[in-house]
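Q: A structural model of the following input is requested.
(2 chains)
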Amino acid sequence: MQAENYLNLFIEESKESLQRLNDSLLALEENSGDTEILNDIFRIAHTFKGMSKSMGFNDIGDLTHNMENILEDLRQGKIKAGENIINNLFNCSDKLQELVDKIVEGTYQDKANDIEALVKNIQEASGKITSSAPNNNIPGKSPFDRFEVSIIKNAKESGFIPVEIVVRLVSDCVLKGPRAYMVVKALEGYGELIKTLPETEELENGGFEQEFRLYILNDKHSNDNIKTAVLNISEVDYVEINGIDVDALEREMAKQEVPVKEAKNSKKKANRQGAQRLAANQTIRVNFAKLSLLMDLVGELVINRTRVEELSGSYGLDDLSSVVDIMGNITTEIQETVMQLRMVPIEQVFSRFPRLVRDLSKNLNKDIELKMVGMDTEIDRLVIEEIGDPLIHLVRNSLDHGIEIPEERVKNGKPREGTIELAACNDGDNILIRVSDDGRGIDPEKIKSIALKKELIAPEKVNELSETEALELIFLPGLSSAEVTTDISGRGVGMDAVKAKINDLGGNITLASKIGSGTEITISLPSTMAIIQALLVKLGRETYALPLNNVCEVVEIKKNSVKVIQNKEVMSLREDVLPVIKLKDVLEVPECDNCNSGNITVVVVKTQDKYAGLVVSELLGQQEVVIKPVSKTLCPDTIISGAITLGNGEIAFILNVSGLI
Amino acid sequence: MIEEFLNDGKKELQVVVFSLGDEEYAIPVNFVQEIIIQQQSTRIPKALPYVSGMINLRGNIIPVVDSSKLLRIDNTGNACPGDERIILLDLEQEKIGLVVDKVSEVINLNADSIEPPSFSVEEGVEFIWGLGKLPDRLLVLIDPEKFFAGPVAEGRANG
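A: Reported below is the predicted structural model:
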């Protein structure tokens, strides 16, 4: 059981690490010289190595170990992060993903994962490994910071000789860390150790290739003595001692005045990041099932609060009602807090796209920039899980069909680089997610002709379609507008599935497109799926709930002001003409007559930019309701989006306004 | 579950026996969560014809199915008012309530007394998986997991 717990933890952490690895690699690709990013990647690989080795996943350990090697070379500036190397690192990250997936599935086996080829590629890509002769000079830049230089200078003035000692271990050395430690120990007698490359801690963990450097302030011992002392340690292959030119160091310091500042800044930045990391660690992992249970319980609490409020109202006791009020406030707060627990930033979904776009655009030889806006928009965790696939589909469509190849773009006077934008924002109780591109757009005529050819629409109806309606044909099952089916998209099984998914989540999808200048798809989703504000209405003896974010206003109109235009009932509200929907007919409500007097009550609702007036018998008021799902098998119509229990224990149904209009 | 029973060669199957009109039916007890007294349900607009509504059972909202309509039995008005029960089934997909005329008993059915349906099963009633032969009675054995699989969907389309 315990091992399983560790395994779960490992999987969770690996997934996070992989995502970060991916992000950092993308950043590195943009900014290949950035040591901060390199350090970050190195850290990730290192943690990964540690975790997987301790779990006994040796293939992952080996792979990350090799990644570490190449990263170390990059860090030390021995090699440059060219395309080849970055691609190799991406391949490694893919392989790691694959291996972690295997672990999740339980099909992982050590020594059966074919990592040798990758490892070989990495080693080839890094080209020069340290097996070549060690550098005699301090490589490139001085390894010291200002403070260390001043120590060296002072030491020299008081008679010590600062020296650099280059130590190389034999190539098949197993215990690199301990050997390095022994070297450090052995040198203690000869003078003060001021610096090691890599840092001491890493050195003692064996975090280096065969070679490392030590800087000591030699206490008047001969170089040969030192050399012998080090060579006496087994597995030491080679030792070299170089003097340090303090004056040169100082000159270099002076030259690097500005970079030093930067280095300090970056240290500050590192500290800040450290602080952030600390803050991020102030969290605990909670099983989602527990959270859902808590949510359900709070739902019950909210229902019963309403019940208690009704009761206390009917008894009219002041003492009771004030206590009930306080309890009501507390309940509201608990509810809000629990709601927030479920909310996660949409970044969790968006973060997979940079990689996807990068890979696909390379695949398709397109030049594409991905912009992401509103990453911190919060959305229900349940929605997050469901929204990923539809979004991937939309982005792939944009990449594949939307954005033209660079030559075509240039010919049409567009910038060579295409842009895809993923944007999220809050809109009342809804979340809007927009996927837009500046590609070739969708031709409604083409959609029409395909729909005709595939017999998805009757020929006589085609000409009646407005441009928007024609575009929306794309959501019909079986319609794919791509002339060539690629393995990326274009099998026509997509857009209808996307629409179905969004509708299932209680959302809407709309499409706008202009030939030649791009396509914009907007998804509107409820930000939370569990508790909403609703307007309760009565139809005959039945009660229904309308989500309050769909309700614009309630008006009383004269019965005879409903007019019929083209067989459709409409009413005019100020300057607008709205379709009128008689809910009792749509819902087939028995014994319902909503026009006893000359007036009828109309609830004006909207979804996206469509408006309509719903005729109801009576308004009951506004209430917070907890949505419970209604079986889709038994009730396949999209008009009902859920059920609720009222304060008196009765059941009412929530109407899906977008299914009505 | 039924397949498991048939393949495992177990000796006995415990079933809940209920009646619809003059016929007796049985459902394996494993599917039954509880049996409650018939209560008023709330109509679901636009639901399938055999769905009679939703009930609120201790805060859980559960759809209730009219079993005579679902099993296509013509027995309207045969039930004694006080005898009607709702059998709450805990199926893999969801929980549903089955309205029946009467629940009589829970019995152990010997594997030897179960026969596959001798008639060719009519389309849309695949949930009948066998007949239980007792000395002077015949039980129609129901597999509720098959209620919503395949051809019943036809009834949905027609309804």
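
Q: how about the helices of chain B, start to end?
A: B:2-8, B:67-70, B:152-158 (DSSP state H).

Q: For the chain, give me the ranges with low pLDDT.
A: Because you didn't say which chain, this covers chain A. Scanning chain A with the threshold set as pLDDT under 70 gives A:1-5, A:111-113, A:125-143, A:252-282, A:428-429, A:478-493, A:527-530, A:592-597, A:608.

Q: actually chain B
A: B:1, B:9, B:75-79, B:118-125, B:148-159.

Q: Up against chain A, what does it have?
A: B:42-48, B:51, B:54-56, B:59-61, B:63, B:65, B:93-94, B:96, B:148, B:156 (CB under 8 Å from any CB of the partner chain). C-beta here means a position set from N, CA and C on the backbone, and glycine is covered the same way.

Q: rerun that using 7 Å as the cut-off
A: B:42-48, B:51, B:54, B:56, B:59, B:61, B:63, B:93-94, B:148, B:156 (CB under 7 Å from any CB of the partner chain).

Q: buried subset of those?
A: For the residues of chain B next to chain A, a burial check counting by 16 or more other CB atoms under 10 Å in any protein chain shown picks out B:42-48, B:51, B:54, B:56, B:61, B:63, B:94, B:148, B:156.

Q: wait, which of the residues you listed is closest to A:G647?
A: B:N56 (11.9 Å; CB to CB).

Q: and A:G299, what helix or strand is that in?
A: Assigned by DSSP states H and E, A:G299 falls within helix A:288-315.

Q: Return the set of buried residues in that helix.
A: Buried, per 16+ other CB under 10 Å, within helix A:288-315: A:M295, A:V298, A:G299, A:L301, A:V302, A:I303, A:R305, A:T306, A:V308, A:E309, A:S312.

Q: what do you get for stretch A:616-633?
A: A:V616, A:S617, A:Q623, A:E624, A:V625, A:V626, A:I627, A:K628, A:V630, A:S631, A:T633.

Q: Any idea how far apart the tips of it sit?
A: This stretch, stretch A:616-633, spans 28 Å end to end (CA to CA, to the nearest Å).

Q: Buried residues, stretch A:237-246. List them.
A: A:Y238, A:V239, A:E240, A:I241, A:N242, A:I244, A:V246.

Q: now swap in stretch A:511-529 and tell me
A: Those would be A:511-513, A:518-529, for stretch A:511-529 by 16+ other CB under 10 Å.

Q: With just CA atoms, put that stretch into PDB.
A: Output of stretch A:511-529 as PDB, limited to C-alpha atoms (Å, rounded to 0.1, in the frame of the first residue of the first chain):
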ATOM      1  CA  LEU A 511     -18.000  30.500 -35.200                       C
ATOM      2  CA  ALA A 512     -17.100  33.600 -37.100                       C
ATOM      3  CA  SER A 513     -15.000  33.700 -40.200                       C
ATOM      4  CA  LYS A 514     -13.900  36.000 -42.900                       C
ATOM      5  CA  ILE A 515     -12.400  34.600 -46.100                       C
ATOM      6  CA  GLY A 516      -8.800  35.600 -46.300                       C
ATOM      7  CA  SER A 517      -8.500  37.100 -42.900                       C
ATOM      8  CA  GLY A 518      -9.100  34.300 -40.400                       C
ATOM      9  CA  THR A 519     -11.500  32.400 -38.200                       C
ATOM     10  CA  GLU A 520     -12.600  32.900 -34.700                       C
ATOM     11  CA  ILE A 521     -14.300  30.300 -32.600                       C
ATOM     12  CA  THR A 522     -15.800  31.300 -29.300                       C
ATOM     13  CA  ILE A 523     -16.700  28.900 -26.600                       C
ATOM     14  CA  SER A 524     -18.800  30.000 -23.700                       C
ATOM     15  CA  LEU A 525     -18.800  27.800 -20.600                       C
ATOM     16  CA  PRO A 526     -20.400  28.200 -17.200                       C
ATOM     17  CA  SER A 527     -17.400  28.800 -14.800                       C
ATOM     18  CA  THR A 528     -18.800  26.400 -12.400                       C
ATOM     19  CA  MET A 529     -21.100  23.500 -12.800                       C
END
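
Q: From the chain's centroid, how far away is that stretch?
A: 20 Å (CA atoms, centre = their mean, to the nearest Å).

Q: Other residues contacting that stretch?
A: A:339, A:379-380, A:382-383, A:394, A:398, A:402, A:412, A:426-427, A:429-443, A:471-472, A:474, A:502, A:505-510, A:532, A:608, A:627 (CB atoms under 7 Å, 6 or more residues apart in numbering or on different chains).

Q: Among the buried ones among the residues of chain B next to chain A, which one lies nearest to A:L193?
A: Nearest to A:L193 out of those is B:E94 (CB to CB; 69.8 Å).

Q: Test my guess that that closest one contacts A:S631.
A: Yes: taking contacts as CB atoms under 7 Å, B:E94 lies within contact range of A:S631: 5.3 Å.

Q: Quickly list what's touching both of the two.
A: What both B:E94 and A:S631 touch, as defined by CB under 7 Å, 6+ apart, is an empty set.

Q: Quick check: closest non-adjacent residue to the residue most central in space within chain A.
A: Centroid check for chain A by CA atoms, centre = their mean gives A:Q348 as the closest residue, at 2.5 Å. Excluding the flanking residues, the one nearest A:Q348 by CB to CB, 6 or more residues apart in numbering or on different chains is A:I384, at 5.7 Å.

Q: So that neighbour versus A:L473, what's the distance?
A: Distance of A:I384 to A:L473, computed by CB to CB, to the nearest Å: 30 Å.

Q: B:P49 too?
A: With CB to CB as the criterion, B:P49 and A:L473 are 32 Å apart.

Q: Can you name the element that comes right after the helix or strand hosting A:S436?
A: Secondary structure assigned from DSSP H and E places A:S436 in strand A:430-437. The helix or strand immediately downstream of strand A:430-437 is helix A:444-453, counting by DSSP H and E.

Q: ok, then the element right after that next one?
A: Next along from helix A:444-453, by DSSP H and E: helix A:459-462.

Q: Please list the outside residues in contact with that next one.
A: A:K448, A:L452.

Q: Chain B contacts on chain A?
A: A:300, A:542, A:587-588, A:628, A:631, A:633-637, A:639-640, A:643, A:645, A:649-651, A:653.

Q: which residues in chain B form strands?
A: Using DSSP state E, the strands of chain B run over residues B:12-20, B:23-28, B:32-37, B:51-57, B:60-66, B:85-90, B:95-100, B:102-110, B:114-115, B:128-134, B:137-142.

Q: re the thing from before, mark which of the residues of chain A next to chain B are part of helices, please.
A: Short answer: the residues of chain A next to chain B in helices (DSSP H) are A:E300.

Q: just the buried members of the residues of chain A next to chain B?
A: By 16+ other CB under 10 Å, those give A:542, A:587, A:628, A:631, A:633-635, A:639-640, A:643, A:645, A:651, A:653 as buried.
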